[in-house]
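[1] show me how the following folds:
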Amino acid sequence: MSEGQKEVCPVCGAADLRDVLTIPRVPVCCNRLYADREEALRADGDTIALVLCRNCDHCYNLAFREDRLVYSGEYENSLYFSARFREYADSLVARLVKEYDLHNKDLVEIGCGSGEFLASLCQAGPNRGIGFDPGYREPDGTIEESAAMEIHSTAFSEQDSEIPADFVCSRHVLEHLPQPFDLLDLLRKTLARREGVGLYLEVPNAMYTLRDHGIWDLIYEHFSYFTIPSLVRLCTRAGFRVIKIQEAYEGQFISADLVSGEEQGCRPDAPGLPGEQTLVAAEAFAKVYKEKTGYWQTYLNEAATRKESVVVWGAGSKGVTFLNVLNTRNQIEYIVDVNPRKTGKHVPCSGQEVILPETLKSCPPDRVILMNPVYKNEIAAHLEGMGISARVDLA
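    Predicted structure coming up:
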């Protein structure tokens, strides 16, 4: 940015920004784990400078640098090894197939990961699917695939907009992009080729982070933290009409159903206007963040004084953030995850090894810290089934 140029919101272009919180160092890529611990300890870190746009309620990282991130097959963030998440994904597939009449249709998914969701959509129709994800890895037998789909290990581009599609979805992609409008503008061109084509979007919910104190959701990979008003603003600006928008997955996600067309704008009854609740939550967030991180540092110090072993359950973005924001390198040795593709690898910057739940049988911990309340019952059942009676606390 040149001298004298004002920073403006990437969603609405306004310059009315409020500082929310600065975190001096987090892993640049928290979903990239390392086979070697020493390499993990040397992983890059950078700053999050979270700001709020008062014009559209959009939050984003002012210190974000796109060139710091490289997405490849080593990027691993699949949630499909959790029964609770599969239940959510299966119910979403059933809804989309029913509401969009997805039978013998051509589907496109941008940011398809390992292809689990696209495979389910193809099998449910049956349908034909094309997926795009620079982080795609070759099948390893851990997921059920569909013969009717193909996946490209590249980002969706201008040339891909020529692909005929009856339905397009993009889940947890927009928040990674420094110019999210560009993708939606490209998708509008794709959808315009066939009448009545629907678009389903899903992003993390910034209000869950601010309002419900989900402080471990702040990661460098996410440039944007959308609220419902800011997502509505972006979509309507790109030429979409918002049919349905709501919180999902116990408030942690925002889901949006869209159609393109000449008539722009959200339906009058859709919740799309900025409100004071976002500002109030944002203004309180820095204090909440300090109090919550202070509490957990005291918790870990107390466990160390008592010589009690502690493990964290959940080696996704929340768990990696927890381990790095707090002083855990010498206090916590392991982090548990049900995803076997993470087993034996190490968390960036803080270095903890990822282990499967069954490993705890041979070394039962005194305390288990759960990173996501959505999985509380699932994890409790897992611990009970292994006969582990550790103290369990929700981060």
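[2] tell me what residue 311 is bridged to.
    Per DSSP bridges, the residues bridged to residue 311 are residue 368.
[3] what's around it, how many residues?
    Residue 311 has 22 neighbours, counted by other C-beta atoms under 10 Å. Bear in mind the C-beta positions are built from the backbone N, C-alpha and C, glycine included.
[4] go ahead and confirm it touches residue 368.
    Yes - between residue 311 and residue 368 there is a contact under C-beta atoms under 8 Å: 5.7 Å.
[5] common neighbours of these two, please.
    Both residue 311 and residue 368 are in contact with residue 336, where contact means C-beta atoms under 8 Å, 6 or more residues apart in numbering.
[6] and residue 100, how many neighbours?
    Residue 100: 20 surrounding residues under other C-beta under 10 Å.
[7] do you know how far it is from residue 371?
    Residue 100 sits at a distance of 33 Å from residue 371 (criterion: C-beta to C-beta, to the nearest Å).
[8] list the buried ones in stretch 365-372?
    Neighbour-count burial for stretch 365-372, counted by 16 or more other C-beta atoms under 10 Å, picks out 365, 367, 368, 369, 370, 371, 372.
[9] touching, the third one and residue 394? I think so.
    In this case it means residue 368. No - Residue 368 is beyond contact range of residue 394, at 10.0 Å (criterion: C-beta under 8 Å).
[10] please, where are all the helices along this protein?
    Secondary structure of the chain (DSSP state H): helices located at 37-41, 83-99, 116-124, 180-191, 206-211, 228-237, 276-305, 317-325, 376-385.
[11] now for the fifth one, which elements pack on it?
    Applying 3 or more C-beta pairs under 8 Å, 6 or more residues apart in numbering; DSSP states H and E, we find helix 206-211 packed against strand 59-61, helix 276-305.
[12] for residue 234, find the nearest of the ones you listed.
    Among these, the nearest to residue 234 by C-beta to C-beta is strand 59-61 (11.5 Å).
[13] pairing partners for that closest one, with directions?
    When DSSP bridges is applied, strand 59-61 pairs with strand 45-53 (antiparallel), strand 224-225 (antiparallel).
[14] which of those sits most buried?
    When the strands paired with strand 59-61 are scored by mean count of other C-beta atoms under 10 Å, the highest mean neighbour count falls to strand 224-225 (a mean of 24).
[15] contacts for that one, please.
    Outside strand 224-225, the residues that reach it (C-beta under 8 Å, 6+ apart) are 10-11, 50, 58-60, 174-177, 180, 203-204, 206, 209, 218.
[16] so which of these wins on neighbours?
    Counting neighbours by other C-beta under 10 Å, the top entry in the contacts of strand 224-225 is residue 206, with 30 neighbours.
[17] which residues does it contact?
    Residue 206 is in contact with 58, 59, 225, 226, 227, 230, 278, counting by C-beta under 8 Å, 6+ apart.
[18] distance to residue 352 and pLDDT added to those residues, as JSON lines?
    As requested, the contacts of residue 206 are arranged in JSON lines below (distance: C-beta to C-beta, whole Å; pLDDT from 0 to 100):
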{"residue": "58", "distance to residue 352": "33", "pLDDT": "97"}
{"residue": "59", "distance to residue 352": "28", "pLDDT": "97"}
{"residue": "225", "distance to residue 352": "26", "pLDDT": "98"}
{"residue": "226", "distance to residue 352": "30", "pLDDT": "98"}
{"residue": "227", "distance to residue 352": "32", "pLDDT": "97"}
{"residue": "230", "distance to residue 352": "34", "pLDDT": "96"}
{"residue": "278", "distance to residue 352": "34", "pLDDT": "92"}
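[19] for the nearest residue to residue 327 once chain neighbours are set aside, give me the pLDDT.
    Closest residue to residue 327 apart from its sequence neighbours, by C-beta to C-beta, 6 or more residues apart in numbering: residue 297 at 6.5 Å. Residue 297 is assigned a predicted lDDT (pLDDT) of 96.
[20] tell me how many other residues surround residue 297.
    Neighbour number of residue 297 under other C-beta under 10 Å is 15.
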